[in-house]
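Enquirer: how would this look folded up:
(one chain, ligands or ions: 1)
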Amino acid sequence: MSQISLEQLASEWRSLQYSVALPVRECVQQLALVHQRGLASHFYEEMLRDAAASVMLSHEQVRMGLHQSMCQWVAEVFSDGGQEQLAQRVARQVKIGEVHARIDVPVHLVLRGASSLKRGLCALLAELLGADLALQLQAASYGMAVIDIAMAIMSQAYSSSHDRSARAQEAYRLHAVAQDMSAERERQRAAVLAWENQLMFDRAMGLEALQLPRIGASEFGLWFRHKGAYTFRGAIETTLILDTMDLIDDSLLPSLDQVIDAHGRLQQWRAMREHSQAIAFHLDALFEQNRELDAGRDVLTRLLNRKFLPVVLRKEIHYSRERKADFAVLSLDVDHFKRINDRHGHEGGDMVLKQLADILSNACRGGDYTFRLGGEEFLLLLVDIDESRALAFAERLRVLVEQEAFRLPDNARMHVTVSMGLAMHSGHPDYEYTLRQSDQALYAAKNAGRNRVEVARV
Ligand SMILES: Nc1nc2c(ncn2[C@@H]2O[C@H](COP(=O)(O)OP(=O)(O)OP(=O)(O)O)[C@@H](O)[C@H]2O)c(=O)[nH]1
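Expert: Numbers count the residues shown, from 1 in each chain. Coordinates of the predicted model:
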């Protein structure tokens with residue numbers, strides 16, 4: 001979808017301001033300032049009428065914060081000002097749109113809230129400016145135009161955020177498939193062989209060409225058409241495999257009955273063999289290429305990289321809402337890592353990071369997630385856990401790291417410590433909130449002397 005640039009929307013907003021007389025703008029501005037609470041209620045009560053949104057926005061802090069920020073928004077959106085204030089107002093609409101995208105508030109709900117706000121504004125104008133019909137009309141059209149432009153900016157920011165998150169989600173899906181790549185590779189290789197064996201056996205048993213197993217309908221053919229071709233879409237080998245399967249099913253198999261001499265039959269079986277081997281060969285190439293790509297893993301530690309953090313957190317927030325299961329976020333940072341690099345070189349620092357990543361992965365359970373956010377910063381997402389168990393886990397992990405003699409180049413060894421910040425997901429729909437909490441707790445752990453775990457206090 002093509003998008004209008006934010007600069008363009010800002011300039012539309014500016015033109016709108018210039019095209020409307022100051023008394024009209026001041027009238028709307030004053031009215032919004034005085035009636036901000038009532039107008040804000042129009043907006044968010046309409047949104048809360050939707051059952052799905054009310055579950056999402058039921059969190060205490062969101063409920064309290066939402067009305068407050070709606071009041072502020074109503075007061076600000078109609079305010080006048082120069083270039084700089086306008087840029088700030090645009091930036092604020094962008095931020096709101098991004099928050100909506102993170103917590104999955106559907107755009108149509110926000111637009112419904114905005115319509116209700118417009119109706120509220122017009123009713124107020126009619127009530128207060130009843131005698132001056134001209135001013136009432138001009139003020140109403142200005143007020144509605146401002147709301148529309150703010151909504152346009154929000155929606156645009158929302159959809160870019162959503163596109164980004166959809167791409168990350170798609171990458172994560174592929175990554176999840178790729179995780180099982182080596183097992184899948186063996187399974188599918190065996191499935192091609194199984195089809196070939198079945199074909200020979202059935203033919204040896206005297207079945208006619210039409211009754212012979214088609215590769216397109218075999219275990220391998222079904223897997224490839226429904227999943228493999230999607231996973232490996234865009235690769236030339238994918239097209240080659242699909243074409244070869246069609247060639248086998250539509251030409252080679254039906255022609256088996258047409259040849260009667262032994263030499264001809266031998267030629268046919270040889271061709272069949274060559275084609276099924278070609279499929280196995282292309283299949284290998286596809287798996288090999290995918291292993292090289294291995295998107296989503298941090299190159300040094302093989303942990304998940306930052307890109308997937310929003311996808312996984314959104315998924316877990318959704319799960320936790322559905323199943324009423326708590327999860328914890330544990331931010332972890334190596335203490336004085338710069339000194340390790342300074343004393344043992346970058347290579348030594350890298351070795352420590354790799355070994356630490358192994359300790360973290362081994363300590364986690366199958367359902368937990370381990371990320372390397374960058375540098376010497378890690379993040380663990382512990383699923384189905386309460387605060388006391390999460391804290392006990394973090395403490396065990398701290399001791400494990402403290403006791404480990406980390407290997408360095410030239411067989412030297414050293415001890416390393418880590419600081420951690422623990423935050424329980426409180427039900428807040430915005431994952432940034434939980435991340436901020438665990439970050440602040442980590443900061444507190446560093447400030448309190450390092451090599452310790454601090455818990456975020458809500
Ligand atoms: N070896 C190595 N070093 C890295 C990598 N990424 C970042 N660094 C280094 O990590 C160091 C991080 O240092 P700081 O952020 O100052 O933190 P610190 O020394 O760990 O101190 P505290 O966190 O306050 O305990 C910097 O010197 C970075 O250059 C990496 O991939 N490998």
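
Enquirer: C-alpha from now on. contacts and neighbour counts both.
Expert: OK.

Enquirer: please verify my assumption that L300 contacts Q355.
Expert: No - L300 lies out of contact with Q355 (Cα atoms under 8 Å); the separation is 10.5 Å.

Enquirer: between the two, point out the one with more neighbours.
Expert: Neighbour count, other Cα atoms under 10 Å: between L300 and Q355, Q355 has more, with 17 against 12.

Enquirer: ok, that one - contacts?
Expert: Listed by Cα atoms under 8 Å, 6 or more residues apart in numbering, the contact set of Q355 reads F406.

Enquirer: which pLDDT value goes with it?
Expert: Q355 is assigned 96 on the pLDDT scale.

Enquirer: confirm that it sits in a helix.
Expert: Yes - under DSSP: H, G, I helix; E, B strand; the rest coil, Q355 falls within a helix.

Enquirer: list the buried residues in stretch 121-138.
Expert: Neighbour counts over stretch 121-138 (16 or more other Cα atoms under 10 Å) mark L121, C122, L124, L125, A126, L129, L135, Q136, L137 as buried.

Enquirer: start to end distance for it?
Expert: With Cα to Cα, to the nearest Å as the measure, the ends of stretch 121-138 fall 13 Å from one another.

Enquirer: that older thread, report the lowest-confidence entry in the buried residues of stretch 121-138.
Expert: Lowest confidence among those: L129, with 86.

Enquirer: distance of it relative to A123?
Expert: Distance from L129 to A123, by Cα to Cα: 10 Å.

Enquirer: what's G130 sitting at in phi/psi?
Expert: Main-chain dihedrals, G130, degrees, to the nearest 10: phi -50, psi -40.

Enquirer: mind telling me what element the closest residue to it other than its chain neighbours is part of?
Expert: Leaving aside its chain neighbours, G130 sits nearest to Q136 (7.1 Å; criterion: Cα to Cα, 6 or more residues apart in numbering). Using DSSP states H and E, Q136 maps to helix 133-179.

Enquirer: ok, now D202?
Expert: Assessed by DSSP H and E, D202 sits inside helix 181-204.

Enquirer: can you tell me what sits against that helix?
Expert: The contact list for helix 181-204, computed with Cα under 8 Å, 6+ apart, reads 209, 212-213, 215, 218-220, 276, 279-280, 283-284, 287, 291.

Enquirer: between the helix holding Q136 and helix 181-204, how big is the angle?
Expert: Interaxial angle, helix 133-179 versus helix 181-204 (axes from the mean of the first three to the mean of the last three Cα atoms, to 10 degrees): 70 degrees.

Enquirer: helix 133-179: how far from the chain's middle?
Expert: Relative to its chain's centre, helix 133-179 lies at 17 Å (Cα atoms, centre = their mean, to the nearest Å).

Enquirer: packing partners of it?
Expert: If you count contacts as 3 or more Cα pairs under 8 Å, 6 or more residues apart in numbering; DSSP states H and E, helix 133-179 packs onto helix 6-19, helix 22-34, helix 60-77, helix 83-102, helix 107-128, helix 309-323.

Enquirer: compare those and say which comes out lowest on pLDDT.
Expert: helix 60-77 (a mean of 81).

Enquirer: what angle sits between that one and helix 107-128?
Expert: Going by the same axes, to 10 degrees, helix 60-77 makes 50 degrees with helix 107-128.

Enquirer: now helix 60-77: buried residues?
Expert: Neighbour counts over helix 60-77 (16+ other Cα under 10 Å) mark V62, H67, M70, C71, W73, V74, A75, E76, V77 as buried.

Enquirer: residues from the protein in reach of the ligand?
Expert: Within the chain, the residues that sit near the ligand (Cα under 6 Å from any ligand atom) are 334-339, 341, 346-347, 349-350, 375-376.

Enquirer: filter these down to the ones in helices?
Expert: Using DSSP state H, F337, K338, R339, N341, H346, E347, G349, D350 are the members of the residues of the chain next to the ligand that sit in helices.

Enquirer: just the buried ones from the residues you listed?
Expert: The neighbour-count criterion (16+ other Cα under 10 Å) marks F337, G349, D350 among these as buried.

Enquirer: find the nearest non-adjacent residue to the closest residue to the ligand within the stretch 151-300 of the chain, please.
Expert: In the stretch 151-300 of the chain, the residue that lies nearest the ligand is L300 (7.3 Å; Cα to the nearest ligand atom). Nearest non-adjacent residue to L300, counting by Cα to Cα, 6+ apart: K354, 6.7 Å away.

Enquirer: likewise V105?
Expert: Closest to V105 by Cα to Cα, 6+ apart is A53, at 6.7 Å.

Enquirer: pretty sure the one you found sits against M47.
Expert: Yes - using Cα under 8 Å, A53 is in contact with M47, at 6.8 Å.

Enquirer: quick one: which of these two has more around it?
Expert: Ranked by neighbour count (other Cα under 10 Å), A53 and M47 place M47 first, with 24 against 15.

Enquirer: for that one, identify the helix or strand it belongs to.
Expert: Going by DSSP H and E, M47 is in helix 36-48.

Enquirer: what of W269?
Expert: Using DSSP H and E, W269 sits within helix 262-293.

Enquirer: counting contacts, what elements does that helix pack onto?
Expert: The helices and strands touching helix 262-293, judged by 3+ Cα pairs under 8 Å, 6+ apart, are helix 181-204, helix 236-247.

Enquirer: and the host helix or strand of G221, what does it pack against?
Expert: For G221, the element it lies in under DSSP H and E is helix 219-223. On a contact count with 3+ Cα pairs under 8 Å, 6+ apart, helix 219-223 meets helix 181-204.

Enquirer: measure how the helix it packs on sits relative to helix 262-293, angle-wise.
Expert: For helix 181-204 against helix 262-293, the angle by the same axes, to 10 degrees is 170 degrees.

Enquirer: chain center to helix 181-204, what's the gap?
Expert: Put simply, helix 181-204 sits 36 Å off its chain's centre (Cα atoms, centre = their mean).
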